[in-house]
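Colleague: sequence plus the predicted model coming up.
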Amino acid sequence: MGIEGKTTFVNGKIFTSDDRMPYADAMTVAGGRIVAIGSEKDLPGDRGTVIDLKGRRVIPGFVDAHMHSVMLADCMKKITVMPPEICSIEELVQAIRERRAQQEPGQWIEGWGYDEQGFAEKRSPNRYDLDRGCSDAPVALLRNCAHIRCVNSMALKLAGIDRNTPDPPGGEIERDENGEPTGVLKETARNLIAPLLPVESDEEKVENLLGLGKLLAARGITAVCDMGNLDPSDNFPVYEAAAERGLCQKAGVYYMWDFFADNEVFEIPAERLDRNRQIFAAGLKLLGDGSISGKTAWMHRPYKDSTDNYGICVCTDELLESAVGFCKKNHCQLSMHAMGGRAIERMVNRAAGEEKWTPEGIPYVRIEHVTDPSAESIEKAAACGISFVTQPIFLYAESASYLANLGSDWMKRCYPVKTILEKGVTLGFSTDAPATFWAVPYDPFPGLKLAVTRTAADGTDCGKENAIDIETAIKLYTRGAARAAGFPETGMLAEGYHADFVVLDRDILSISPEEIDQIQVEATYADGVCVYRSDR
């Protein structure tokens, strides 16, 4: 650092995400915070070390307000069941065979990321497909939405699942025409396998997370929300240990309430709820329904080519009420996964009847995904201060599934970002990685491209009436995401805010929208410290 620990960045094209001063060319940083920003000629004289940005575009660090970072870090070591690595069920079978050849009999084989529309066969794999890959060890694949598992016959046997096993509440054991389980376990039924899956040591989880942190920094991500696991493990100590060893991202950690609601002694220590910490506990996460691609999101109307499939409501009234009670008592945020219109409406209506229970500046309830909200739900959320967090990468990467399950007209009305903003809802962007059908699921740039073009990766028109300009899209991935999740002094480049920013290799505000996904990060700064450089 320079004189009195100050560093001044000059000769930049700085987009601040701050409507009070959207653009600047210089800023001074001290103690991890921005102490001055604006025109270089107007900055105070005591500038410390001076760094020339050489005319590069600078934006705030990305805030991925909804991902599953610990899960993602673990997934990176499993079979990646998505293009370009695997494009058919036959290729999947071969990948399982190859993994089995590297392992011992009885050792679990795991994979993640499949979507039936991504296979040449255009169908889901089943137990018999997986058995062809390996029959002497259990196999479990997590669908890209993370709401469905596909397992082989040995895994079913180990879990005690057969034709007589009843569907759990909020879930479905898919069965063939003879009543036999197919190996596809939907929603809460996927949890029947969870207790049997290998558990990594705490040290392995920390190492995985440190590795992921470097990858996130290379894409300009300086803050994340971890929305919980598919088991009752506690991610908070993992983040704390990783932060002590150099993890640069700020993180808000949520607890998946399904796994803690029956634990009478579960609590979140008050010190963890301090949002001024690098790592803080943000609140609880609930699952209200499923996914569009899995046809389990709970909709107001049936899916295409169906007269009675409206999706699945996976959250009981008892679970919802206990979550509301816990969050009110602890003054923490409640997050509800709700893709379908009925799930969104249910949660918005329930939350609207409550007085805000969180400190100022933190939405007491946030709705995740918000795929098909009604006009009434949008207006009620705006009036009550309920935030939305959505994922433009879904349409970009999963348009084939949306077309197959909803049809073109319905798909184009999904994720009505422009309407949500016009009604005044606090809205943020994210990826939901690894529940994202994309080879680099945490990359923010494909999502930005979709938000601006409303054109999927395969060229599908996703409803251009809801396209937004690039400046608005960046705000939603920075300031909007920080506000929706409740990160203090984060998401903008303004005096008093954390000096989290990204230097890009080209000007995202002036290039063709078709080039947005080609942008590379040259440098990422977290609290004024360079945590990534492309030339290192």
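Modeller: Nice, I can see it. Numbering: from 1, shown residues only.

Colleague: what residue ranges in the chain score low on pLDDT?
Modeller: For the chain, the stretches with pLDDT under 70 are 1-4.

Colleague: and the residue positioned nearest the centre of it, what are its phi and psi?
Modeller: By C-alpha atoms, centre = their mean, the chain has its centre lying nearest to residue 432, at 2.0 Å. Dihedral angles of residue 432 (phi, psi; degrees, to the nearest 10) stand at phi 60, psi 20.

Colleague: how about it: what's its closest non-neighbour residue?
Modeller: Leaving out its chain neighbours, the residue that sits closest to residue 432 by C-beta to C-beta, 6 or more residues apart in numbering is residue 391, at 5.0 Å. Yep, even glycine has a C-beta here, placed from its N, CA and C like the rest.

Colleague: list the residues that contact that neighbour.
Modeller: By C-beta atoms under 8 Å, 6 or more residues apart in numbering, the residues touching residue 391 are 66, 369, 429-432, 436, 447.

Colleague: quick one: it and residue 446, what's the gap?
Modeller: Separation of residue 391 from residue 446 (C-beta to C-beta, to the nearest Å): 11 Å.

Colleague: before we move on, what about residue 307?
Modeller: In this view, residue 307 and residue 446 are 35 Å apart by C-beta to C-beta.

Colleague: these two: who's more crowded?
Modeller: For the pair residue 307 and residue 446, the greater number of neighbours falls to residue 446 (22 against 7), based on other C-beta atoms under 10 Å.

Colleague: roughly how far apart are the more buried one and residue 24?
Modeller: Residue 446 sits 27 Å away from residue 24, taking C-beta to C-beta as the criterion.

Colleague: swap in residue 198?
Modeller: Here the criterion is C-beta to C-beta. By it, residue 198 lies 50 Å from residue 24.

Colleague: okay, the two: which has more neighbours?
Modeller: residue 24 (24 against 10).

Colleague: quick one: which helix or strand includes the closest residue to the more buried one other than its chain neighbours?
Modeller: Here the nearest residue to residue 24 in space, its sequence neighbours aside, is residue 14; by C-beta to C-beta, 6+ apart that works out to 4.3 Å. Per DSSP states H and E, residue 14 falls inside strand 13-15.

Colleague: partner strands of that strand and their direction?
Modeller: Applying DSSP bridges, strand 13-15 is found paired with strand 23-24 (antiparallel), strand 57-60 (parallel).

Colleague: what's the first helix or strand after the last one?
Modeller: What that stands for is strand 57-60. Next along the chain after strand 57-60, taking DSSP H and E as the criterion, comes strand 62-67.

Colleague: ok, the shortest one next?
Modeller: Beyond strand 23-24 in the direction of the C-terminus, DSSP H and E gives the next helix or strand as strand 26-30.

Colleague: which elements pack onto the helix or strand following that following strand?
Modeller: Next helix or strand after strand 26-30 toward the C-terminus (DSSP H and E): strand 33-38. Contacts defined by 3 or more C-beta pairs under 8 Å, 6 or more residues apart in numbering; DSSP states H and E place strand 33-38 against strand 26-30.

Colleague: chain center to the strand it packs on, what's the gap?
Modeller: How far strand 26-30 lies from its chain's middle: 31 Å, per C-alpha atoms, centre = their mean, to the nearest Å.

Colleague: also compute the angle for it relative to strand 33-38, please.
Modeller: Counting by axes from the mean of the first three to the mean of the last three C-alpha atoms, to 10 degrees, strand 26-30 lies at 160 degrees to strand 33-38.

Colleague: now the closest residue to residue 379 other than its chain neighbours: how far from residue 36?
Modeller: For residue 379, ignoring the flanking residues on the chain, the nearest one in space by C-beta to C-beta, 6+ apart is residue 423 at 5.7 Å. From residue 423 over to residue 36 the distance is 36 Å, taken as C-beta to C-beta.

Colleague: buried residues of whichever helix in the chain runs longest, list them for me.
Modeller: For the chain, the helix with the greatest residue count under DSSP state H is helix 202-218. Residues 205-210, 212-213, 215-218 are the ones in helix 202-218 that count as buried (16 or more other C-beta atoms under 10 Å).

Colleague: which among the residues you listed gets closest to residue 78?
Modeller: The shortest approach to residue 78 among those belongs to residue 208, at 11.3 Å (C-beta to C-beta).

Colleague: hang on, the closest one packs against residue 75?
Modeller: No: counting by C-beta atoms under 8 Å, residue 208 does not reach residue 75; the two are 9.3 Å apart.

Colleague: convert the longest strand seen in the chain to CSV, retaining C-alpha atoms only.
Modeller: In the chain, assigned by DSSP state E, the strand with the most residues is strand 279-287. Extracted in CSV, the C-alpha atoms of strand 279-287 (Å, rounded to 0.1, in the frame of the first residue of the first chain):
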residue,chain,number,x,y,z
ILE,A,279,-18.8,-14.7,6.6
PHE,A,280,-22.2,-14.3,8.2
ALA,A,281,-25.3,-16.4,8.7
ALA,A,282,-28.1,-14.9,6.6
GLY,A,283,-31.1,-17.0,7.6
LEU,A,284,-33.1,-20.0,6.4
LYS,A,285,-33.9,-21.5,3.0
LEU,A,286,-37.1,-23.4,2.2
LEU,A,287,-38.1,-25.3,-1.0
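
Colleague: and the next element down the chain from that strand?
Modeller: Assignment by DSSP H and E places the next element after strand 279-287 at helix 317-330.

Colleague: toward the C-terminus, what is the element adjacent to that next one?
Modeller: Beyond helix 317-330 in the direction of the C-terminus, DSSP H and E gives the next helix or strand as strand 333-338.
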